[in-house]
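Participant: here you go, sequence then predicted model.
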Amino acid sequence: MADPRDDSTLLHAWRDGDAHAGNELLRRHFVAVYRFFSANLSQAGRDVDPEDLTQRTFEACITRRDAVQTDFRAYVFGVARRLLYLEWKRRKGTGDVVSPSAADIRDVRTSPSVAVARLDEQKLFLKALEGLPAEFRSVLERFYWEDRPIAEIADELGIALGTVKSRLFRGKAMLRDALMNSKAPPALLQSAVLRLEARVIEGEPPADA
């Protein structure tokens, strides 16, 4: 089940030794970070690996969590932008440089296909998400990964509350089917499905109904 604490509370708990709080913070933001790198490096060349940059971003956040003086999301994307800049600088003069003008988080549209290395459950989820239509993917990512309230999702996307709920219901069913049709190990698949079912959408009938 999603942790109801906000980022600031989780960060303080993480600093005090709560490993679960740290894992929740990373889980909550890794989708957006991967999308950021995936979109901005898609034309940068074959040797560019968004997964590697995503992992390096979170490694930096883990080792320097005590230095975070602003909100965690801003810090994460500050690290990500710095790594992206260094990647562009490294490639300067090769003919494969990408303009940094596209690096606005809100404009990222590329859907992730993999997640932070070694987070097998999240890799499984994101591979399943990759095959869903964009309108379902957008609400699922905000609801399940960013833990956004339905009303906030509706306001951000400019759609009705009922539309968000409908897309969540249908998108969840499609995501569940995609997971079940994957070739993931049984234990990993069971863990992923249980996590998906753990957060109930308002108005959703019980899973066994």
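Facilitator: All right, it came through fine.
Participant: can you tell me how far S191 sits from F143?
Facilitator: Distance from S191 to F143, counting by CB to CB, to the nearest Å: 19 Å. All C-beta spots, glycine's among them, are computed from the backbone N, C-alpha and C.
Participant: which parts of this structure are strands?
Facilitator: Secondary structure of the chain (DSSP state E): no strands present.
Participant: so for S191 and F143, which sits in the more crowded spot?
Facilitator: F143 (23 against 15; other CB atoms under 10 Å).
Participant: grab the nearest non-local neighbour of that one.
Facilitator: Counting by CB to CB, 6 or more residues apart in numbering, the nearest residue to F143 once its immediate chain neighbours are dropped is L168, at 5.9 Å.
Participant: check what pLDDT K172 gets.
Facilitator: As predicted, K172 sits at a pLDDT of 93.
Participant: repeat that for D3.
Facilitator: Here, the pLDDT recorded for D3 equals 68.
Participant: oh, and call the first residue 61 from now on, that's how I've got it
Facilitator: Okay, using 61 as the starting number, the last item reads as D63.
Participant: roughly how far does the most centrally placed residue in the chain sit from E147?
Facilitator: By CA atoms, centre = their mean, the mean C-alpha position of the chain lies nearest to V91, the distance being 1.5 Å. The gap separating V91 from E147 is 20 Å, by CB to CB.
Participant: and what of G263?
Facilitator: G263 sits at a distance of 44 Å from E147 (criterion: CB to CB).
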